Every structure is written in structure tokens, then in C-alpha cells.
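>>> Sequence first, then the predicted structure, then my questions.
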Amino acid sequence: MDNLNTTDNKILEFQRIRSQARARARVEAEAEAAAVAQAAAQTDATAATESKTEGMPSWTKRELSSEYVDEGRRSPGVDKPFLVITLVLMTIGLIMLLSASFSSSIYMIGEPLWLFRNQAIFAVSGVFIMLLISRISIRVISKWSAHLLVASIIMLVLVLIIGIRINGATRWLGIGGENTAFSFQPSEIAKLAVILSFAQIICKFGPKRMKTLKYGVMPFAAITAVIIILLWWQPHVSAAIIILATAIVMMFAGGTRIRYFVLPVVAAVVLAGLMIVPTLIGSVRDGGVQGGADAIAQEVENSGFDFSSLGHWGRRIDIWLDPDADPLGGGFQTRQSLNAVGSGGLLGQGLGQSRQKHQYLPEEHNDFIFAIVAEELGFVGAMLILSLFALLVIRGYWLALHAKNRYSSLVVIGITSLMAIQVFFNVAVVTNLIPATGISLPLFSYGGTALWMQLAQIGIILSVSREIPVISQESKEDFEGQEHMI
């Protein structure tokens, strides 16, 4: 009986061991199958990623291209740095306008806050316009490019027929008199129209055609020439120069060969030389020229060549060469501007303490507001404001590099360059680096409709920034890990 029980126990033990072995084998088989499946899935994922990233540049270079980013990964909103810098500059501009304009407001209306209040209303409403446009897709905006160009040319023609004449120039459309009318300059619309339409034409032609004279130069030159001729007749030389410079930037960014830009510049230099150099040589022969560049400029002025024969722009050159020749007439504004800039010194006279704004400097709240900035805030304050403009321009070009498509990139390049060109020319006029002409300082100078247009252009840039693809942190780590593996 005991032997029988022992045998049964051994059989049960054997069965228990066999069951455990079978269970262990089953678990090991399942684990091995799962490992094989996981390895196969990882292999498929690696192959898919390699096919997707094949030919990709390094991470830093890939960051500049949106074509490698999934369609669903988008920026959560407008570009915050660009928006913040814009609002900061506009706020500083309103403060400086308040300081610069109250004397003129009292003189014109008898109310010290009249000009500031008008500009503040346009600024607040302009911000809403900017935010509204920022929510409109750039694809919708592109469809109206040609219409805007045609409309701007028609308005420039109307200026010559029914335009409002202010300060000796017919540049405005509107109703009413000089001080009470709601008026605007069609040239402001033409600037934006050139950018939008040129970007559309460049994208339509493509990179190869843009390198030819027929497609890369002639259409753009024809459009620009029509606009410049209409502006010259107003006369509005400053707007003509700005639109010409903007058109050149757009053509260059679009792929037009550099040699097509060099030839007109050489021709212009030769033409200027043929007009000026002979008279200068004659003066040098008679008595020589001593005293450097300023003396040479003075000698050109006195050598017999009459710049005023060139018309409105020629008279501006005469004043630029020698403001002291007519200190109470044509040279008065330049002299007072230089007095304001010079009296500011390093740290300035203090906010609100300008002397030149008290009816000494004409247009102190408009084209020459930067002279008041330099006088009240000094060299340090003026450079800080110019640094903010520089940051805005740099950020704009950064957005252009990261734009979703070529049209968006070209539009941002054009608007950013337009702003940079206007800032440069305004400061150059205030400091007498170039002849005086009516170029406003963006976000600072008085002018409601001009501020609206500037904020609308910034709204377009913000619209482009909404569509800039972004790469998640996980994707970035995956890309970087694959690069390390390679």
C-alpha cells in the first residue's frame, strides 16, 4: 500500500513538473513572438523614417524649410516677437508724437492734444485692422494682388485730375480742405500693390524664367515705370524712390540676375558724370578745390551747373548741397533739423523738453519727428529706437525664411524691406545725408491712413506667420537621434 502511494505521488509530481515546463515554454514562446513582432515593427518604422528623411539636410538647415514638416503641425498663432516689437514701437511713437505735436496742435486748432488724439484713434483702430488681416489666409490675399495694382494706378491718375494740393504738391485724394479733409495718399496703396503683385508674377514665372531679360526684368520694369511717372508728375519723388527700391528688392529676391541691376546703375553714374564733371573740371582748372568732400560739393554748387534746371528734385539737391545758401527759405528745415539732432547730445534734453518743436522745425510731428526724438532722448535713445526697428526687420526676414511657400516668403521680404527702406531714408533726410524729401517714419510720423496701411502690412506678415509649420519637440528629438545614429 505504501509502494502504491509512493508511485502515485511520483506520477503527480511528474505531471506537475511537466505542466510547469509546458507553461514556461508557452510563456517563453509568447515572449519570443512578441520580441520578433516588436523588432519587425521597429524595422518597418526605421525604414519608413529613412525613406521620409532621405536626402534631408542637417537639423539647422532643415529648420529653414517647411516642406519636411507634416501638414498638421502648425504654429499655434501669430509670431509673438514680431507682434510685441510692433506694439512697442507704436507705443513709443505715440508718446513721441504727443511730445512733438502739442505745440503745432495749439497753433493750428488751439487744443494741445488734437493731433495726438487723432493719431491715437487711428492707432487703436489700426491694431484691430492688423489683427483682422492676420486671420485672413495669404491665399485669399494673393487673389486680390492684380486688382489692387490696377486700383492703385487708377487712383494715381485721379490724383493728377482731382487730387488735393498741400504744401505745393498734389499727392492726396479726399474731400474738404487742407486741414479738415479725410484724405489719403494712393502712393501708400501702390507700395503694397507692387509687393503683392510682383510676388504673384514671380511665382507664376518660376525661377528659370526669372533669370531671363524678357521675364525677369521687362514686366517689372514696365509696371514700375508707369507708377514712377505718375508719382513724378505729382510730384512725389520720395514715394517714387521707395517704390523703385522695393521693386528692385522684389526682383532680386525673385531670382533676377545681378547684371540686369548693374547696367542701369552704371548708366545713371555715367549720365550724372556727363552733367556734373565737366563743370567741376573747369572750376578745378581755374583755381583748384581744397577742403575735401564738402568743398567739392560746394565747388559743384558754384561751378556753374544749375541743379534747379532739373525741376523740383534739382532744387532739393541745391538745398542739400548748401542749406546755408538760403537759411530762411529752402534750407530752413534742414538747418533746424540738424540743430535739433545736435542739441540732443548723448542723453537728450529730456522727454517733452524739445525747443525746436515750438514752431522752429517744420513738420516736427511728421517727416521730421526723428529729429525731435534725437533732441529729447539723445543719441542713446535714438539708437535704442533704431535697434528696435532693426530687430523688427531681422525678425521679418526670419519669418520670410520660414514661410510656408514662395509667395508668402516674397511678400514678407517685400513688406519688411519696404519698412527698412523707409526708416533708412527718413533718418538720412533728418541728418541731411540725402536731400530732403517727404518720407515718413513708420509707426511714428503723424498720418492716420498711412498708419493704417503700415499696420495692415504688418497684419499680412502676421498672417504668414500663422501658417508657418512648426516641428514638435518629439519630432526634433527623433530627427536628432537619427542623425547621431547615422
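Nice, I can see it.

>>> Quick check: which element contains the residue nearest to Ile248 when sequence neighbours are not counted?
Nearest residue to Ile248, sequence neighbours excluded (CB to CB, 6 or more residues apart in numbering): Phe261, at 6.5 Å. C-beta: built from backbone N, CA, C; applies to glycine. Assigning secondary structure by DSSP states H and E places Phe261 in helix 259-287.

>>> that older thread, now do the residue nearest to Ile248 against Lys208, distance only.
Noted for Phe261: a distance of 19 Å to Lys208, by CB to CB, to the nearest Å.

>>> neighbour-wise, which of the two wins?
Phe261 (14 against 10; other CB atoms under 10 Å).

>>> Correct me if wrong, but Asn426 is in a strand.
No - with DSSP: H, G, I helix; E, B strand; the rest coil as the criterion, Asn426 is assigned helix and is not in a strand.

>>> Flag every buried residue along stretch 327-345.
330-341, 343-344 (16 or more other CB atoms under 10 Å).

>>> quick one: Ser445 and Asp367 touch, right?
Yes - in this structure Ser445 lies within contact range of Asp367 using CB atoms under 8 Å: 6.2 Å.

>>> Which of the three states applies to Arg165?
Arg165 - assigned by three-state DSSP - is strand.

>>> For Phe205, which residues are in contact?
The neighbourhood of Phe205, defined by CB atoms under 8 Å, 6 or more residues apart in numbering, consists of Tyr215, Gly216, Gly254.

>>> in what helix or strand does it lie?
Using DSSP H and E, the element containing Phe205 is helix 186-210.

>>> Report the next helix or strand after that helix in sequence order.
helix 213-216.

>>> Can you pull out the residues in contact with that next one?
Residues contacting helix 213-216 (CB under 8 Å, 6+ apart): Phe205, Arg209, Met210, Met251, Gly254, Gly255, Thr256, Arg257, Tyr260.

>>> Any chance of a ChimeraX selection covering the buried ones in the residues you listed?
Of the contacts of helix 213-216, the buried ones go into a single ChimeraX selection, burial set by 16+ other CB under 10 Å:
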select :205,210,251,254,255,256,260
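
>>> Output the contacts of helix 213-216 in CSV; the columns should cover pLDDT and distance to Val237.
As requested, those are exported to CSV (pLDDT from 0 to 100; distance: CB to CB, whole Å):
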residue, pLDDT, distance to Val237
Phe205, 94, 30
Arg209, 94, 32
Met210, 94, 29
Met251, 96, 21
Gly254, 95, 26
Gly255, 93, 29
Thr256, 94, 24
Arg257, 92, 28
Tyr260, 91, 24
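
>>> per-residue confidence for the residue nearest to Trp320 when sequence neighbours are not counted?
Nearest residue to Trp320, sequence neighbours excluded (CB to CB, 6+ apart): Pro435, at 3.8 Å. Confidence at Pro435, expressed as pLDDT, is 87.

>>> How many residues are close by Pro435?
Counted with other CB under 10 Å, Pro435 comes out at 20.

>>> Repeat that for Leu149.
Leu149, neighbours per other CB under 10 Å, totals 23.

>>> can you state the direction angle for the helix or strand where it lies and helix 186-210?
In this assignment (DSSP H and E), Leu149 forms part of helix 145-162. Angle, helix 145-162 to helix 186-210, by axes from the mean of the first three to the mean of the last three CA atoms, to 10 degrees: 140 degrees.

>>> Touching helix 145-162 from outside, list them.
Contacts for helix 145-162 (CB under 8 Å, 6+ apart): 170-173, 186-187, 189-190, 192-194, 196-197, 199-200, 223, 226-227, 230-231, 233-234.

>>> Check which residues of it are buried.
Ser145, Leu148, Leu149, Ser152, Ile153, Met155, Leu156, Val159.

>>> What is the nearest of these to Ala371?
Val159 (28.4 Å; CB to CB).

>>> ok, then the element right after the lowest-mean-pLDDT helix or strand in the chain?
Least confident helix or strand, the chain: helix 59-62 with a mean of 40, by mean pLDDT, DSSP states H and E. Per DSSP H and E, helix 59-62 leads on to helix 80-108 as the next helix or strand towards the C-terminus.

>>> Give me the contacts around whichever helix or strand comes after that following helix.
Scanning forward in sequence from helix 80-108 by DSSP H and E, the next helix or strand is helix 114-134. Helix 114-134 has contacts (CB under 8 Å, 6+ apart) with 78, 86-87, 90, 94, 97-98, 101-102, 104-105, 108, 141, 365, 446-449, 451-452, 454-456, 458-460, 462-463, 465-466.

>>> repeat that with 7 Å
78, 90, 94, 97-98, 101, 104-105, 365, 446, 448, 451-452, 455-456, 458-460, 462-463, 466 (CB atoms under 7 Å, 6 or more residues apart in numbering).

>>> For the helix or strand just after it, list every residue counted as buried.
Proceeding C-terminally, helix 114-134 gives way to helix 138-142 as the next helix or strand, assigned by DSSP H and E. For helix 138-142, burial by neighbour count (16+ other CB under 10 Å) applies to Ile138, Ile141, Ser142.

>>> Show me what helix 138-142 is packed against.
Helices and strands touching helix 138-142, by 3 or more CB pairs under 7 Å, 6 or more residues apart in numbering; DSSP states H and E, are helix 406-430, helix 448-466.

>>> Try it again at 10 Å.
When contacts are defined as 3 or more CB pairs under 10 Å, 6 or more residues apart in numbering; DSSP states H and E, helix 138-142 packs onto helix 186-210, helix 406-430, helix 448-466.

>>> can you put these in JSON lines and add distance to Arg16?
Shown next, in JSON lines, are the helices and strands packed on helix 138-142 (distance: least, CB to CB, whole Å):
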{"stretch": "helix 186-210", "distance to Arg16": "79"}
{"stretch": "helix 406-430", "distance to Arg16": "74"}
{"stretch": "helix 448-466", "distance to Arg16": "69"}
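
>>> Just the buried residues of the contacts of helix 114-134.
78, 90, 94, 97-98, 101, 104-105, 365, 446, 448, 451-452, 455-456, 458-460, 462-463, 466.

>>> that older thread, overlap in contacts, Ser445 and Asp367.
Common contacts of Ser445 and Asp367, defined by CB atoms under 10 Å, 6 or more residues apart in numbering, comprise Asn426, Gly438, Ile439.
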